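**Q** What shape does this take:
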Amino acid sequence: MFDMRTELGEAFGTKKARKAIKSVAENAITGGVKMGTGELAVVNSIKDSTRDMATQEELQAAVDQARPVPRANLDADEIQDVYRPRDIIGSEVLKAIPILDWQEAAKSLQNIVCASRYVANRIVRVANNEDAVQRLKVLRYMMWVIIFWHSARPGKMGTMSVGKREILRDNMVGAPEIVIENIRRKFSDGGVMRKAHVDLLMTHCCVFAAIVDNFEILTLDLREDLKLEQKQLNLYFAEVGARMSQKKVGDQVVHTAKFVLPLQFPKIRQARRRN
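**A** Okay, here's the model as predicted:
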């Protein structure tokens, strides 16, 4: 009400009234206004209620910790050390992932059947690289994660329903039991995938693609596998610190996700202060 009366006074008040309003404003700026009991009570209540409020940095840290993303080593000096397979997948699970059949098939130029467009376009290149054993394991784990996602069906209240273990074993051909259980527990709870599980799966796939493609990914194949719009996929890449770019190649727009240090993560929005 005070603000409204001030605006009316400035617009329609007499010269003397406008001068008085200006004086009040100047005194407020310099701290010269004496507040009554009511005003003091309001100010004191605001101080009490905001005393324990988190700072912007504390809020940002809380948001970062709660985000459904893979575990990252943010103290790393090299980009390949930020997302380490042993931290994201687990050392025991990583050891259990078989790759010999893929390596032998790639060397003998045999056809490797794959349920993922992203994985299929990279198996031979990665399998023929003797120094890329870990990346090949990540690629195969990623394929099973994508198959797990394709096996899920719409459930109640916006959730996704995961198939029973027997169905997962049939779909995730070649996956050891420890791998199937690892994926099932990581990306669902009691056979149900909620939004947080879906987001976690998507961000993991973005990071797996980063590891396989040396942290610079053409996103088309992954977008097709995950059945996402490009805008959605861009948001998931942003959540794990990637920088998105696009360029036109012929008639097609090519989108690229690149990871460079320091990684850039989404910031919480600050509310605009009212005058």
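
**Q** is the residue nearest to residue 243 when sequence neighbours are not counted in a bridge, and if so with what?
**A** In space, and not counting its chain neighbours, residue 243 is closest to residue 258: 5.3 Å by Cβ to Cβ, 6 or more residues apart in numbering. Just so you know, the C-beta spots here come from the backbone N, C-alpha and C atoms, and that holds for glycine as well. Note on residue 258: beta-bridge partners by DSSP bridges are residue 216, residue 243.

**Q** Who are the contact partners of the most centrally placed residue in the chain?
**A** For the chain, residue 239 is the residue whose C-alpha lies nearest the centre (Cα atoms, centre = their mean; 2.7 Å). Contact analysis of residue 239 by Cβ atoms under 8 Å, 6 or more residues apart in numbering lists 67-69, 199, 203, 206, 265-266.

**Q** Counting neighbours, which of those residues comes out on top?
**A** Sorting the contacts of residue 239 by how many neighbours each has (other Cβ atoms under 10 Å) puts residue 206 first, at 26 neighbours.

**Q** from memory it sits against residue 244, does it?
**A** No: checked against Cβ atoms under 8 Å, the pair residue 206 and residue 244 is beyond contact range at 11.0 Å.

**Q** pLDDT below threshold where in the stretch 1-150 of the chain?
**A** 1-66 (pLDDT under 70).

**Q** what's the span of stretch 153-165, first residue to last?
**A** The first and last residues of stretch 153-165 sit 14 Å apart, counting by Cα to Cα, to the nearest Å.

**Q** Next up, phi/psi of residue 254, please.
**A** phi -100, psi 130 (degrees, to the nearest 10).

**Q** need the contact list for it.
**A** 218, 220, 246-248.

**Q** again, but for residue 257
**A** Here residue 257 is in contact with 206, 209-210, 216-217, 219, 234, 237, 242-244 (Cβ under 8 Å, 6+ apart).

**Q** Pick the one among these closest to residue 188.
**A** Closest approach between these and residue 188, by Cβ to Cβ: residue 206, at 18.8 Å.

**Q** Packing partners of the helix or strand that the closest one is a member of?
**A** Mapping residue 206 onto the secondary structure by DSSP states H and E places it in helix 195-212. Secondary-structure packing of helix 195-212 (3 or more Cβ pairs under 8 Å, 6 or more residues apart in numbering; DSSP states H and E): helix 85-88, helix 133-151, strand 216-218, helix 220-226, helix 230-239, strand 252-258.

**Q** right, so those: which one is the most enclosed?
**A** Comparing these by mean neighbour count (mean count of other Cβ atoms under 10 Å), helix 133-151 comes out on top with a mean of 21.

**Q** Contacts for that one, please.
**A** So helix 133-151 is in contact with 85, 89, 93-94, 97-99, 102-103, 114-116, 118-119, 122-123, 126-127, 129, 162-163, 167-168, 171-172, 175, 179-180, 183-184, 187, 201, 204-205, 208-209, 211-212, 225-226, going by Cβ under 8 Å, 6+ apart.
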